[in-house]
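S.K.: Return atomic coordinates for the entry below.
(one chain, ligands or ions: 1)
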Amino acid sequence: MSVAATSPEALPRGACPTLPAPMATGDGLLARLAPAEALTPAQAAGLAALARDCGNGILEVTARGKLQVRGLDPAGAGRLAEGVGALRIAVREGLGIETSALAGRDPAEVFDPRLLAAALAEAAAAAGLAARLAPKVSIGIDGGGGLGLAGRDLDIAVSPAGAEFRIEAAGMTLGRTPAPVPAVLALLERLAAFGPRARMRDLVAAEGEGALGAGLQPADPREAVPGEPVGRHMLASGWALGVGLPFGQIEAETLEALADTAAQRGATFIEPAGGRALLIGALDDGGADGLADWATAAGLIVDAGDPLRRVEACPGAPACGAARFATRGLARELARDLAGLAKGRSVHVSGCVKGCAHPGRAGLTIVGLDEGAGIVIEGTARDMPARIVRFDELASAVRGFLESSRG
Ligand code: SF4
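M.R.: A predicted model of the protein is given here:
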């Protein structure tokens, strides 16, 4: 079986690549999948083998916790789709509904968000909503556990409010209800009627949260719960270890070895987590320590304070044909400098103005342009650079900038 490639231009505006409809990128086709459940270590190792055999051996976990396989050709994309089926990895389709990577395992949760997510997915599918909404419309179900959904760009969020459910639209608290599924469906219907490309922030701006929350009871705003997956997380029994992937990528051989090592230490699940990480559990104390040591030696991140967590970089050259320079070498150099030089500053290194790794603002953005490397302060890869320098003087120019803005 082979599948048809879809160029970014051919995709509907804002559409995302999927397993059956991969997207053409600079290093071949990219297929994205959202596993419906956590992977077993054997499934993770099997997926790594598929990435090596069908693509260029690079896998990614996105900021929203989806898996990507890179460097496919049409025949390889077809074999990947078949292989995923053979591994019995069920893939979520339809409306984007996100839960914590620890959903159902977090002892601090007030309710199991997976059940509400499933009920909502079923109701939305019956109403044919996914086809009538912008592809990036996303709903977050936060069960109230210790690993939250902070930092996600959610159109609608549902979270516990006493014995009821708080409903938010574009980050604004609308109110609470005992019946969240009809409330969310009603909001989605209004959003679909507003326009097929509309996001909830557009609807809130047009109608106001008061009108959208009519019929709901007043509720306090949700407490912000950090969404940082890297590090240890307590489970009802044992621990989950969050392992960050530098720039969201892992090589197939490393993922295979990670899955084998995790299984040897008793882990039964490997869950892709929002924030470009893998959550692995359940582990006892010794197992978590041992796996953390192994992951560190393999170049993965087990400390949420690691400066590499503050640096975003797209694949860059030579992986992407649009890139003007090798982004990741510079990003690693900058991460080494960041600990001492750029307190709290986020850094984005982008091979071109598309800004694939981080569409939003960053403290410092370095972007590849035809005329050289642009340095953008507090902006995005598309913003006007404060300076443009030659690529061969970029590293020293950025270091000079960080030193001058130290403190
Ligand atoms: S931002 Fe990076 S990955 Fe995206 S198109 Fe440009 S060079 Fe390629």
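S.K.: got the CA coordinates for stretch 152-169 in PDB?
M.R.: Taking C-alpha atoms only, stretch 152-169 is exported to PDB below (Å, rounded to 0.1, in the frame of the first residue of the first chain):
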ATOM      1  CA  ARG A 152      -2.000  24.400  25.700                       C
ATOM      2  CA  ASP A 153      -3.900  26.500  23.100                       C
ATOM      3  CA  LEU A 154      -7.400  25.200  24.000                       C
ATOM      4  CA  ASP A 155     -10.600  26.500  22.500                       C
ATOM      5  CA  ILE A 156     -12.700  25.000  25.300                       C
ATOM      6  CA  ALA A 157     -11.600  23.600  28.600                       C
ATOM      7  CA  VAL A 158     -13.600  21.500  31.100                       C
ATOM      8  CA  SER A 159     -12.300  21.100  34.700                       C
ATOM      9  CA  PRO A 160     -13.800  20.300  38.100                       C
ATOM     10  CA  ALA A 161     -15.800  23.000  40.000                       C
ATOM     11  CA  GLY A 162     -16.900  21.400  43.200                       C
ATOM     12  CA  ALA A 163     -19.200  18.600  42.300                       C
ATOM     13  CA  GLU A 164     -19.800  20.200  38.800                       C
ATOM     14  CA  PHE A 165     -17.800  21.100  35.800                       C
ATOM     15  CA  ARG A 166     -16.200  24.400  34.900                       C
ATOM     16  CA  ILE A 167     -16.500  25.500  31.300                       C
ATOM     17  CA  GLU A 168     -13.900  27.800  29.700                       C
ATOM     18  CA  ALA A 169     -13.800  29.300  26.300                       C
END
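S.K.: could you give me the average pLDDT of that stretch?
M.R.: Predicted confidence along stretch 152-169 averages 95 (mean pLDDT).
S.K.: Repeat that for stretch 232-249.
M.R.: Averaging pLDDT along stretch 232-249 gives 95.
S.K.: ok, and does it reach over to the ligand?
M.R.: No - counting by C-beta under 6 Å from any ligand atom, the ligand has no neighbours in stretch 232-249; the shortest distance is 10.8 Å. Any C-beta I mention is one placed from the backbone N, CA and C, and that applies to glycine too.
S.K.: May I see the buried residues of that stretch?
M.R.: By neighbour count, with 16 or more other C-beta atoms under 10 Å as the criterion, the buried positions of stretch 232-249 are 232-233, 235, 238-249.
S.K.: And stretch 202-217, by the same measure?
M.R.: Neighbour-count burial for stretch 202-217, counted by 16+ other C-beta under 10 Å, picks out 202, 203, 204, 209, 212, 213, 216.
S.K.: Now tell me which of those residues the prediction trusts least.
M.R.: Taking the buried residues of stretch 202-217 together, the minimum pLDDT is found at residue 209 (90).
S.K.: pLDDT wise, what is the residue nearest to that residue when sequence neighbours are not counted at?
M.R.: Counting by C-beta to C-beta, 6 or more residues apart in numbering, residue 209 lies nearest to residue 172, which is 4.4 Å off, once chain neighbours are set aside. According to the model's per-residue confidence, residue 172 sits at a pLDDT of 95.
S.K.: Equivalent analysis for the one 5 residues further on, please.
M.R.: Confidence at residue 177, expressed as pLDDT, is 98.
S.K.: which ones are touching the closest residue to it other than its chain neighbours?
M.R.: Here the nearest residue to residue 177 in space, its sequence neighbours aside, is residue 183; by C-beta to C-beta, 6+ apart that works out to 4.8 Å. The contact partners of residue 183, by C-beta atoms under 8 Å, 6 or more residues apart in numbering, come to 165, 167, 177, 215, 216.
S.K.: now the last one: how far from residue 398?
M.R.: The gap separating residue 216 from residue 398 is 48 Å, by C-beta to C-beta, to the nearest Å.
S.K.: before we move on, which element is residue 159 in?
M.R.: strand 156-161 (DSSP states H and E).
S.K.: Same question for residue 250.
M.R.: With DSSP H and E as the test, residue 250 turns up in strand 249-251.
S.K.: what is the mean pLDDT for the following helix or strand past that strand?
M.R.: Proceeding N to C from strand 249-251, the next assigned helix or strand is helix 252-264, under DSSP H and E. The average pLDDT for helix 252-264 rounds to 98.
S.K.: tell me what helix 252-264 is packed against?
M.R.: For helix 252-264, the helices and strands in contact under the criterion 3 or more C-beta pairs under 8 Å, 6 or more residues apart in numbering; DSSP states H and E are helix 41-54, strand 58-61, strand 269-273, strand 277-283, helix 285-297.
S.K.: CA atoms only: put the first one into PDB for me.
M.R.: Once side chains and other backbone atoms are set aside, the C-alpha atoms of helix 41-54 remain, and they are given as PDB (Å, rounded to 0.1, in the frame of the first residue of the first chain):
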ATOM      1  CA  PRO A  41       6.900  -0.700  25.800                       C
ATOM      2  CA  ALA A  42       6.600  -3.400  23.000                       C
ATOM      3  CA  GLN A  43       4.400  -1.100  20.900                       C
ATOM      4  CA  ALA A  44       6.800   1.800  21.400                       C
ATOM      5  CA  ALA A  45       9.700  -0.400  20.300                       C
ATOM      6  CA  GLY A  46       7.600  -1.600  17.300                       C
ATOM      7  CA  LEU A  47       6.800   2.000  16.300                       C
ATOM      8  CA  ALA A  48      10.500   2.900  16.500                       C
ATOM      9  CA  ALA A  49      11.300   0.000  14.200                       C
ATOM     10  CA  LEU A  50       8.700   1.100  11.800                       C
ATOM     11  CA  ALA A  51      10.100   4.700  11.800                       C
ATOM     12  CA  ARG A  52      13.500   3.300  11.000                       C
ATOM     13  CA  ASP A  53      12.200   0.900   8.300                       C
ATOM     14  CA  CYS A  54       9.700   3.200   6.700                       C
END
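S.K.: What residues of that helix count as buried?
M.R.: By neighbour count with 16+ other C-beta under 10 Å, helix 41-54 contains the buried residues 41, 43, 44, 45, 46, 47, 48, 49, 50, 51, 52, 54.
S.K.: isn't the first one right next to residue 271, touching?
M.R.: Just to be clear, that refers to residue 41. No - under the contact definition of C-beta atoms under 8 Å, residue 41 does not touch residue 271, with a separation of 11.4 Å.
S.K.: Kindly state the domain boundaries assigned to the chain.
M.R.: With domains defined by automatic domain parsing, the chain comprises 23-92+229-304, 102-212, 308-404.
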